[in-house]
Every structure is written in structure tokens, then in C-alpha cells.
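Trainee: Build me a model:
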Amino acid sequence: MVSTVKFTNTGRSQFFSTVRKRVDTYFTENNVSPNANGAMWTKAIFFLTGYGLLYGLILSNQFGGWAMLGMAMLLGTFAAFIGFNVAHDAVHGAFSRHGWVNRLLGYSFYLLGASPYVWRIMHNVVHHTYTNIPGHDEDIDVAPGLIRLDPADEVRPWQKYQHLYAFPLYGLTSLAWVFRKDFLKMFKDKIGQYDTTHETHEYVTLFVTKAVYYLLFLALPLLVLDVAWWQVLIGFVAMHIVEGLVLGLVFQLAHVVEGTSFPLPTPNGNIEEAWAIHQLRTTANFAPRSAIAAFFCGGLNRQIEHHLFPKICHIHYPAITAIVKQTAHEHNLPYLESPTFSSALVSHYRFLKQMGQTPSTRLT
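Mentor: Numbers count the residues shown, from 1 in each chain. Okay, here's the model as predicted:
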């Protein structure tokens, strides 16, 4: 496997320069900042306040077991929505023009039990550069050996059922983050084929913040709630199953549906098209006209716009979608989208089923 991938723009496409110029013109002519506006700040306050309120109500010890379980599951959804709507934009540097504001809001990833530092490397650097490239984009390594997403991977007998068992596995996404994934990535020499080195204080920060999270969400409930330890554990796991399912589904519907590609570089490490065109071929939108999807998914239902312009706050994606779509069509390039969340879900289901049965495309 090649260790370095280069995008060569063999066709000399002018797509990205054109669409970038048009998007810049939109912001200039309308005197609009590409960062957060009042509506965006309102969303952030809503989700952060809701999260804090739910956590406080649970610890108030004023409710029965079933009510607290329901609030724990709702807390999991708010955690996922904070990830989509606050932390994600902030870590991309899109929330504010002030770096300190982005750093502060990026810390909200800790509310999910995840490390913003590890996320920045895995997502901003690796995933956004090498989207859907096997061996480089680790976001497509979902439960390796159990779920097959890469057409070049060997097909295993049990994977013909992956369209059935994949969805419950998505529910383990955030539990994996909390207890395993961040630690694993910090102690690997590479993420994908990207060489990683970390300063000592990043290791200290990781262990300290994880310990605080375990204290707040496991130890403290055990101390203050009039419930058994196993009830606390059930609530914790239920919270993360809901959080993981929401996170997993939204991210999968953006890159793992019918029509998205998983290109392999040439033997000398080239992807023989422009990076922006690669993003169009590997990324898909869903429910682009749904105000509900836009509100809760943090613009990730317009993943194409996000991948092309990650430093633009997602609150502006509805305004630039028509620009991107028209420019793609003018250059005879794909623009993949499912009209609704349910149609994208069905497309993902069919993709999983096909990948569980289609022979490997790997050359032998």
C-alpha cells in the first residue's frame, strides 16, 4: 500500500476555483460573515443548555428509575447534537473568526466523552483529505472484519448479514470513543498512512479528561443517586447507545450510500483527479430541503458543501448549496443527494447488503 497520496487534477478541472470564487462572491456581495450568526449562537446555546439541564435533572435524584433512564437517553441525543452543531464547527475553525472561541467551543467534544485533539487529526486532517480512500481514511474502517465497506476487501461469510447487524453496532460508536478509540489512536504511529507525533501534554490531557468524564458520568451518579450500581451502568450504556446510533448513522449516510466511490490510488500514489472532484465522488447529501435535518444535524446533511468548505459555518450551507450544485452540473460532475433521511437510510441499507455479497475487486 502506498504511504503518500497525491491528487493530480489530470483533467485540469476548473471546478473548485470557479465554485470557490462564486461562494466568496456570495459572502462579499451580501456582506455576510462565513462564521456563526445569531441563529447559530442560538442553536449552540440551546443544545448546551439542554445538555446541562438534563444532566442536572438526573443528578437531582427527584425522579424514578424509568424517568431517569429516559432522560439519560435524551442526554445522549443532546450529546450527539452538540457534536454536530457546536464541536464540529469549532474544531474546523468555522464557528468564529477568533481562534480562542473555536478552541473553547471545541472543548465541548469532552461532553461526548471524546478528545477534540484526536478528532482534529482523524477528521480534519485524515478524513477530509483522503475521504473514502481505503487504507488512508480510517472512518471507513467500521468494525473491521465485521462490516465490509471497501469493495476491495475480502468478503467473509457472515458479512452477507451485515445489513442487519450493522445498525446495532453503530450504537457502540461513542462507547468505543469513551473507552478505546482515543487511547488507541494516541498510541499509534500512524492514523491511516498519516504519521503522528504528540507532545507530552496531549497524553496528560487525554488521561485527565477521560478520568473527569468517568468521574462525572459513572462515579458521581453512584454517589448521589438512590439507585443500584447496575442501574447507573444501564443508564450510562443506554445514553451512549443512543448517542452512538445518532452519530454513526449521520456520518455513514454522508459517505456510505449507493453512488459514492472508494477509489484506490495508482501504484505511484496518485488519485488522478482534483481533490475537490474526489470529494464530489465520495460524498453525498441527504434531506437537503429539510429544516429539521439542518437544525439537528449541524449541516451534515449537506456534507458536500461541508467537505468543500469546511471553514464556513454550517448555518450558511443552505445559501451556498445552489451555487455548488449548479457549478458541479456545469462541469459535468456528480452531485449525490437523497431527498429525505429515510431514502438515504434505505440507500445505506442496500449498499451494506450489496457489499456483503459482492466479490472483492482486489487484483490478484
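Trainee: Please name every helix or strand in contact with the helix ranked longest in the chain.
Mentor: The residue-count maximum for a helix in the chain (DSSP state H) belongs to helix 229-255. Using 3 or more Cβ pairs under 8 Å, 6 or more residues apart in numbering; DSSP states H and E, the elements in contact with helix 229-255 are helix 65-82, helix 162-170, helix 173-176, helix 220-224, strand 284-286, helix 341-355. Bear in mind the C-beta positions are built from the backbone N, C-alpha and C, glycine included.
Trainee: Out of these, the one nearest residue 132 is which?
Mentor: Minimum separation from residue 132 across the helices and strands packed on helix 229-255 (Cβ to Cβ) falls at strand 284-286, 10.6 Å.
Trainee: how far is the closest one from where the chain is centred?
Mentor: Remark: strand 284-286 is offset 13 Å from the chain centroid, using Cα atoms, centre = their mean, to the nearest Å.
Trainee: next structured bit after it?
Mentor: helix 291-297 (DSSP states H and E).
Trainee: What lies in contact with the lowest-mean-pLDDT helix or strand in the chain?
Mentor: Within the chain, no helix or strand scores below strand 194-195, which has a mean of 78 by mean pLDDT, DSSP states H and E. Contacts with strand 194-195, where a contact means Cβ atoms under 8 Å, 6 or more residues apart in numbering, come from 121, 125, 126, 136, 189.
Trainee: Give the buried subset of those residues as a PyMOL selection command.
Mentor: Of these, the buried ones can be selected in PyMOL as follows, counting by 16 or more other Cβ atoms under 10 Å:
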select buried, resi 121+126+136
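Trainee: The least confident helix or strand of the chain: partners in the sheet, and parallel or antiparallel?
Mentor: Applying DSSP bridges to the sheet, strand 194-195 is found paired with strand 190-191 (antiparallel).
Trainee: mean confidence for the strand it pairs with?
Mentor: Confidence for strand 190-191, expressed as mean pLDDT, is 82.
Trainee: what bits of the stretch 1-150 of the chain have low per-residue confidence?
Mentor: Low-confidence segments of the stretch 1-150 of the chain (pLDDT under 70): 1-3.
Trainee: same thing but at 90, please
Mentor: Along the stretch 1-150 of the chain, the parts satisfying pLDDT under 90 run over 1-5, 8-12, 134-145, 149-150.
Trainee: show me where it has helices.
Mentor: Applying DSSP state H, counting those that start in this stretch to the stretch 1-150 of the chain gives helices spanning 15-29, 38-59, 65-82, 88-91, 99-106, 116-119, 128-129.
Trainee: right, so those helices: which one is the most enclosed?
Mentor: Mean neighbours per residue, mean count of other Cβ atoms under 10 Å, is largest over these for helix 88-91, with a mean of 26.
Trainee: And for that one, what's in contact with it?
Mentor: Residues from elsewhere that reach helix 88-91, judged by Cβ under 8 Å, 6+ apart: 36, 40, 95-96, 101-106, 108-109, 116, 119-120, 123-124, 298-300, 313-314.
Trainee: thinking again about what came up before, closest one to residue 272 out of the contacts of strand 194-195, please.
Mentor: Residue 272 has its nearest neighbour among the contacts of strand 194-195 in residue 136, at 15.7 Å by Cβ to Cβ.
Trainee: For residue 129, see how far away the closest one is.
Mentor: For residue 136, the distance to residue 129 equals 8 Å [Cβ to Cβ, to the nearest Å].
Trainee: repeat for residue 339
Mentor: On the measure of Cβ to Cβ, residue 339 and residue 129 end up 29 Å apart.
Trainee: and what of residue 46?
Mentor: Residue 46 sits at a distance of 32 Å from residue 129 (criterion: Cβ to Cβ).
Trainee: and what of residue 84?
Mentor: Applying Cβ to Cβ to residue 84 and residue 129 gives a distance of 21 Å.
Trainee: hmm, back to that, now the helices and strands packed on helix 229-255 in CSV, with distance to residue 213?
Mentor: As requested, these are exported to CSV (distance: least, Cβ to Cβ, whole Å):
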stretch, distance to residue 213
helix 65-82, 11
helix 162-170, 21
helix 173-176, 11
helix 220-224, 11
strand 284-286, 31
helix 341-355, 30
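Trainee: Next, work out how far apart residue 325 and residue 189 are.
Mentor: For residue 325 relative to residue 189 (Cβ to Cβ), the value is 40 Å.
Trainee: for residue 102, same thing?
Mentor: Distance, residue 102 to residue 189, using Cβ to Cβ: 28 Å.
Trainee: same check, this time on residue 92
Mentor: In terms of Cβ to Cβ, residue 92 sits 25 Å off from residue 189.
Trainee: Verify the contact between residue 73 and residue 239 for me.
Mentor: Yes - here residue 73 reaches residue 239: they are 6.2 Å apart, a contact under Cβ atoms under 8 Å.
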